[in-house]
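1. Starting from these lines, generate the structure:
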Amino acid sequence: MTAGDEIVPAATLLNRAEALAKQIAANAPLALKFCIEAVNRGFPEEAVLFGKVCGTEDMKEGTRAFLEKRAPEFKGR
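-> This next block holds a predicted model:
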């Protein structure tokens, strides 16, 4: 197993999957969109999409929130 791997009983699998999906969906919308796009396109596009997301307002908000120890308020910009 690698970091982030998790084994759960079959009876709780759906609930755990839904909880993880909500956790992922709570992240910056543009960053999430670009992550999904990078996975779908493959490795060469990853660097291009990373560069795009680094210039967004959401990236700046995420950094500020982290430094201020608060939850970020992403706007999808």
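
2. What segments of this protein are strands?
-> Shown for the chain, no strands are assigned by DSSP state E.

3. which one in it is furthest away from the centre?
-> Residue farthest from the centre of the chain, counting by CA atoms, centre = their mean, is Ala11 at 26.4 Å.

4. can you count the residues close to the nearest residue to Ala28 once chain neighbours are set aside?
-> In space, and not counting its chain neighbours, Ala28 is closest to Asp58: 3.9 Å by CB to CB, 6 or more residues apart in numbering. Using the backbone N, CA and C atoms, a C-beta is placed for each residue, glycine as well. The local packing of Asp58 (other CB atoms under 10 Å) involves 20 other residues.

5. residues in contact with Asp58?
-> 28-31, 72, 74-77 (CB atoms under 8 Å, 6 or more residues apart in numbering).

6. Take those residues and, keeping just the buried ones, write it as a ChimeraX select command.
-> Of these, the buried ones go into a single ChimeraX selection, burial set by 16 or more other CB atoms under 10 Å:
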select :28,30,31,72,74
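
7. want to try JSON lines for the contacts of Asp58, with distance to Glu45 and pLDDT as columns?
-> Shown next, in JSON lines, are the contacts of Asp58 (distance: CB to CB, whole Å; pLDDT from 0 to 100):
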{"residue": "Ala28", "distance to Glu45": "18", "pLDDT": "90"}
{"residue": "Pro29", "distance to Glu45": "18", "pLDDT": "91"}
{"residue": "Leu30", "distance to Glu45": "15", "pLDDT": "90"}
{"residue": "Ala31", "distance to Glu45": "15", "pLDDT": "89"}
{"residue": "Pro72", "distance to Glu45": "25", "pLDDT": "94"}
{"residue": "Phe74", "distance to Glu45": "22", "pLDDT": "92"}
{"residue": "Lys75", "distance to Glu45": "24", "pLDDT": "92"}
{"residue": "Gly76", "distance to Glu45": "20", "pLDDT": "89"}
{"residue": "Arg77", "distance to Glu45": "21", "pLDDT": "89"}
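
8. Low-confidence bits of the chain, can you list those?
-> For the chain, applying pLDDT under 70 flags the ranges 1-3.

9. swap the cut-off to 90 and go again
-> By pLDDT under 90, the low-scoring segments of the chain are 1-6, 31, 34-55, 76-77.

10. Nothing else from me, thank you.
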